[in-house]
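Colleague: I'll drop the sequence and a predicted model, then ask my questions.
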Amino acid sequence: MSSTGTITQRVAIVGAGVSGLTSAILFAENGFETSVFAEQIGDETNSAAAAAIWYPYDVGPGAEVVPWALIGYGRFLELARDPQTGVSVVELRVFSRLGPIAPPDWAQPFVTRALGAGEIPAAFMSGFSIHVPLIETTKYLAYLGKRLTEAGGTLTGAKRFDQLEELEDTFDLAVNCAGIGARKLVPDPAMEPHRGQVAIVEKFNLPYAVVCDDPPLMYAIPRSVDCVFGGTNDVSDDRQPDPAATARMVSECERVLGSLKTSVLRERVGLRPCRKSGVRVAAGKLRDGRPLIHNYGHGGAGFTLSWGCAQTVLELARSV
């Protein structure tokens, strides 16, 4: 029973990446009895391999994407006040190799500016600056897990489902945050794994993050103890690092950033859960009639959209 005397709903969330944990926190902190189940948790998840800088990247169409992203922007600014969350605010310099580039329309309320000629590396033709949240995945996922348990939620790893109906019938609501796993779990043929490989290199003096989405994709994201070099974005579900890709990424980042030589600490590969028809946040039903809410298909914007999508999921849960 809840403090109001009403029956507390039991919610089962499948998936322990950033979308699953964020959704679980909102449920647990709003009086739901919340359990998260996942095959992989913590550093094993695809979320853990993300460079995780706030930006709506590689995400399908949808009018809700920008509003969801802006909700997340506000939440991350709040979290950046506490260094234990792993969230900070950094300058992001977005460059183009192909011609003039300007901040997108949704970025107008932010602190943005065009970069001067002396701020644009020789590899690029134009660029702009924007200040955005940076999320250090290991710290942040640990923070989310701790916040969930402090709110009374539970997290169970090494739990694999072939179908959502395998959830115990004691749960009143199922929430599908399975990421790329939704391709088989739903099943959803619109899901497509976009493979992202990064190289984690030793920390060096880089006062801002660098991104260029023009081929070849290149980014350098400075963190508190290291730096993330990227990247790749090819359709594949292979999570094994490719040494040739690492060498190519490191070489390109060093070339762009100047006469820099770095040491690779480790390699990471994650699968961006891209959905050709856009992010799916929608209510449905299990075959046994229990309510189901989907929250997957966030592509390369999982962290960016996490709080906004979780808020919509909670609203849907209250209406089913």
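Modeller: Good, I have the coordinates. Because the structure is predicted, anything quoted here is derived from the model rather than measured. Numbers count the residues shown, from 1 in each chain.
Colleague: Thr22: which element?
Modeller: helix 18-29 (DSSP states H and E).
Colleague: which residues sit against that helix?
Modeller: The contact list for helix 18-29 (CB atoms under 8 Å, 6 or more residues apart in numbering) reads 11, 13-14, 34, 36, 38, 47, 50, 140-141, 144-145, 147-148, 151-153, 155, 175, 177-179, 295-296, 298, 302-303, 305-307, 309-311, 313-314, 317. (Each C-beta comes from the backbone N, C-alpha and C, glycine too.)
Colleague: Summarise which helices and strands the helix or strand Val269 falls within is packed against.
Modeller: Assigned by DSSP H and E, Val269 falls within strand 264-275. Using 3 or more CB pairs under 8 Å, 6 or more residues apart in numbering; DSSP states H and E as the contact test, the elements touching strand 264-275 are strand 191-202, helix 243-257.
Colleague: Could you check how far the closest residue to Gly17 other than its chain neighbours is from Gly118?
Modeller: Distance criterion CB to CB, 6 or more residues apart in numbering; nearest residue to Gly17, sequence neighbours excluded, is Ser47 at 3.8 Å. Taking CB to CB, to the nearest Å as the measure, Ser47 falls 37 Å from Gly118.
Colleague: can you check Val186 too?
Modeller: For Val186, the distance to Gly118 - CB to CB - is 51 Å.
Colleague: next one: Gly157
Modeller: Relative to Gly118, and taking CB to CB, Gly157 is found at 50 Å.
Colleague: now the strands for the stretch 51-200 of the chain?
Modeller: Per DSSP state E, counting those that start in this stretch, the stretch 51-200 of the chain carries strands over the ranges 87-96, 112-114, 126-135, 154-156, 173-176, 191-202.
Colleague: now the angle from the longest one to strand 264-275?
Modeller: By that I understand strand 191-202. Per axes from the mean of the first three to the mean of the last three CA atoms, to 10 degrees, the angle that strand 191-202 makes with strand 264-275 is 160 degrees.
Colleague: From the contact counts, what lies against the helix or strand following strand 191-202?
Modeller: Elements were assigned by DSSP H and E; along the chain past strand 191-202, the next helix or strand is strand 209-212. In terms of contacts (3+ CB pairs under 8 Å, 6+ apart), strand 209-212 is packed against strand 87-96, strand 218-222, helix 243-257.
Colleague: Kindly reformat these as a markdown table containing distance to Asp58.
Modeller: Listed next are the helices and strands packed on strand 209-212 as a markdown table, based on distance: least, CB to CB, whole Å:
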| stretch | distance to Asp58 |
| --- | --- |
| strand 87-96 | 14 |
| strand 218-222 | 12 |
| helix 243-257 | 17 |
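Colleague: out of those, deepest packed?
Modeller: Comparing the helices and strands packed on strand 209-212 by mean neighbour count (mean count of other CB atoms under 10 Å), strand 218-222 comes out on top with a mean of 24.
Colleague: That strand relative to strand 191-202, how many degrees between them?
Modeller: Strand 218-222 and strand 191-202 are oriented at 50 degrees to each other (the same axes, to 10 degrees).
Colleague: Contacts for strand 218-222, please.
Modeller: Taking CB under 8 Å, 6+ apart as the rule, strand 218-222 contacts 51-53, 90, 134, 203-204, 206-212, 227-231, 249, 252-253, 256-257.
Colleague: Mark which of the residues you listed are buried, thanks.
Modeller: Neighbour counting with 16 or more other CB atoms under 10 Å marks 51-53, 90, 134, 206, 209-212, 227-231, 249, 252-253, 256-257 as buried within the contacts of strand 218-222.
Colleague: and stretch 79-94, how far from the chain's centre?
Modeller: Its chain's average C-alpha position is 15 Å from that of stretch 79-94, according to CA atoms, centre = their mean, to the nearest Å.
Colleague: which residues are contacting it?
Modeller: The contact list for stretch 79-94 (CB under 8 Å, 6+ apart) reads 53, 55, 76-77, 101, 103, 115, 119, 127-140, 142-143, 207-213, 222, 224.
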